[in-house]
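# Sequence plus the predicted model coming up.
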Amino acid sequence: MVTPAARRAPAPPQAPGWPRRSAKRSGRAEDGARPHRVGGGHPGPTQADGYRVAVPDFETITYEAADGVARVTLNRPDVFNAFNATMQQELRTVWRWLRRDDSVRAVVLTGSGDRAFCTGIDRNEVLGEARATNAPGPPAVGPTPGAGPEPVHVGSGSTPFMFDDPGENIGPKSNDLWKPVVAAINGMACGGAFYMLGEVDIIVAAEHATFFDPHVSYGMAAGYEPLHLLPKMPFGEILRITLLGNAERMSAARAHQIGFVSEVCPVAELAERAGWVAAQIAAAPALAVQGSLRALWAGRELSRGQALDLGWAFVGLGTDQESLAEGQRAFTSGRRVEPRIR
């Protein structure tokens, strides 16, 4: 369901600042930003009674929000921000949490440090668990269904047909989040990182960023990762990045050339560039933004005719009369925004 009306968005900051916090929150915003928060928790949705609900604390990601934009940072720099079972669950939590927070209208996703955005699954943790899970002999005794969180397994049971995909929790669209997500790629992005990059909406990359898929180099078939890339890269480029494995890395410049990345910049400017894009999106009426986003993704996944048949629904659901009237007043006023040229 689409929310009944979009709130009027404030004008975006020219260079949005971010409160800096570690994974264990200090509870104090820096850089002059004022994220909304309650007690020792994180910014969260507004309840019907008007009080804020604290976002849960996280171990493997950091979260901050200011001026309509949330920033989600993968925070395991010692393992190049590879995702383990905990990060999978925390990303699922934050994406689904953001569905309920109307004060956040756009998201920036990045990695900690400047060496890697994400290098996929943490093989030391998850594959070790998989070997134990799939070992010959009687199945291991697991938790009682419904009694608590179930561990994430790469394979489940004695046959290969019941499978817990380790990346199914980490993408925003897989968690039905239809707020635009801007990825800021600050280094290597490989393997399982493509689960996320296949589901974000805009990608901005630092000049030193690289993209590759090491699966075949380690004797594994690359299945989900290239499929996530299919709508975003030319088929020949996906074949090359998949079959060459570790032997070659795609540069940020090449990724920009083929349209996978929309902007390349020095790493010192990455946070500002990605934040600027998100801030401009957050300044627009949320209903119109989300209706447009939903229409575009439907057009990507359906046939052209099917998508056009749904166009009336996206326009009708994504158009708020108050926002429409405000847009008309802005148009007839003659005032125009000074655009940034890319």
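Yep, that arrived. Residues are numbered from 1 along each chain as shown.

# Please count neighbours and contacts with C-alpha atoms only from this point.
Fine.

# can you pull out the strands in the stretch 201-342 of the chain?
Counting by DSSP state E, counting those that start in this stretch, one finds strands in the stretch 201-342 of the chain at the ranges 202-206, 210-212, 250-251, 263-265.

# For Gly198, give its distance to Glu269.
Using Cα to Cα, to the nearest Å, one gets 23 Å for the distance from Gly198 to Glu269.

# Kindly report the same for Val277.
Applying Cα to Cα, one obtains 13 Å for the distance of Val277 from Glu269.

# These two: which is more packed in?
Summary of the neighbour comparison: Val277 and Glu269, criterion other Cα atoms under 10 Å, with Val277 having more neighbours (18 against 13).

# if I pick that one, what's in contact with it?
Contact analysis of Val277 by Cα atoms under 8 Å, 6 or more residues apart in numbering lists Val182.

# out of the strands of the stretch 201-342 of the chain, nearest to Leu302?
strand 202-206 (20.3 Å; Cα to Cα).

# Quick one: find the helix or strand in the chain with the lowest mean pLDDT.
Within the chain, confidence by mean pLDDT, DSSP states H and E is lowest for helix 123-133 among all helices and strands, at a mean of 54.

# Low-confidence stretches in the protein?
By pLDDT under 70, the low-scoring segments of the chain are 1-54, 126-157.

# Can you get me a residue count around Ile281?
Other residues close to Ile281 by other Cα under 10 Å number 22.

# Surely it and Val289 touch.
Yes: contact between Ile281 and Val289 holds when scored by Cα atoms under 8 Å: they sit 7.5 Å apart.

# Which neighbours do those two have in common?
Pro180.

# that older thread, got CSV for the strands of the stretch 201-342 of the chain, with distance to Gln328 and mean neighbour count too?
Converted to CSV, the strands of the stretch 201-342 of the chain look like this (distance: least, Cα to Cα, whole Å; neighbours: other Cα atoms under 10 Å):
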stretch, distance to Gln328, mean neighbour count
strand 202-206, 28, 24
strand 210-212, 43, 24
strand 250-251, 43, 18
strand 263-265, 31, 21
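
# looking at those, which is closest to Ser174?
Relative to Ser174, the nearest member of these by Cα to Cα is strand 202-206, separated by 16.5 Å.

# which neighbours does that closest one have in its sheet, and in what orientation?
Pairing partners of strand 202-206, with direction, according to DSSP bridges: strand 181-185 (parallel), strand 263-265 (parallel).

# Arg92 contacts Pro166, doesn't it?
No: taking Cα under 8 Å as the definition, Arg92 is not a contact partner of Pro166, at 11.7 Å.

# where exactly do the helices run in the stretch 101-250 of the chain?
Per DSSP state H, counting those that start in this stretch, the stretch 101-250 of the chain carries helices over the ranges 123-133, 193-197, 224-229, 235-243.

# winner for burial among those helices?
Ranked by mean neighbour count under mean count of other Cα atoms under 10 Å, those are led by helix 193-197, which reaches a mean of 25.

# What lies in contact with it?
Residues from elsewhere that reach helix 193-197 (Cα under 8 Å, 6+ apart): 117-120, 167-168, 170-172, 183, 203, 224-226, 228-229.

# tell me the two of the residues you listed that are most distant?
Between all members of the contacts of helix 193-197, the longest pairwise span (Cα to Cα) is found for Glu168 and Ile203 and amounts to 20.2 Å.

# Quickly note the distance from Gln290 to Val264.
Distance check for Gln290 against Val264: by Cα to Cα, it reads 26 Å.

# oh, I was asking about Pro166
Noted for Pro166: a distance of 30 Å to Val264, by Cα to Cα.

# same deal with Ala247?
Distance of Ala247 to Val264, computed by Cα to Cα: 23 Å.

# repeat for Ala116
Note on Ala116: its distance to Val264, by Cα to Cα, is 16 Å.

# what does Arg254 give?
As judged by Cα to Cα, Arg254 and Val264 stand 10 Å apart.

# For stretch 89-97, list the C-alpha coordinates in PDB.
Extracted in PDB, the C-alpha atoms of stretch 89-97 (Å, rounded to 0.1, in the frame of the first residue of the first chain):
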ATOM      1  CA  GLN A  89      20.200  -9.900   9.700                       C
ATOM      2  CA  GLU A  90      21.100  -6.300  10.600                       C
ATOM      3  CA  LEU A  91      20.800  -5.200   7.000                       C
ATOM      4  CA  ARG A  92      17.400  -6.900   6.800                       C
ATOM      5  CA  THR A  93      16.400  -5.000  10.000                       C
ATOM      6  CA  VAL A  94      17.500  -1.600   8.800                       C
ATOM      7  CA  TRP A  95      15.900  -1.900   5.400                       C
ATOM      8  CA  ARG A  96      12.600  -3.000   6.900                       C
ATOM      9  CA  TRP A  97      12.900  -0.300   9.600                       C
END
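
# and Pro172, what does it touch?
Contact analysis of Pro172 by Cα under 8 Å, 6+ apart lists Arg92, Trp95, Trp178, Val181, Met196, Glu199, Val200.

# Who wins on neighbours among those?
Greatest neighbour count in the contacts of Pro172, by other Cα under 10 Å, goes to Val181: 29 neighbours.

# Distance check, that residue against Asp78.
Val181 sits 25 Å away from Asp78, going by Cα to Cα.

# for Leu244, same thing?
When Cα to Cα is applied, the distance between Leu244 and Asp78 equals 26 Å.
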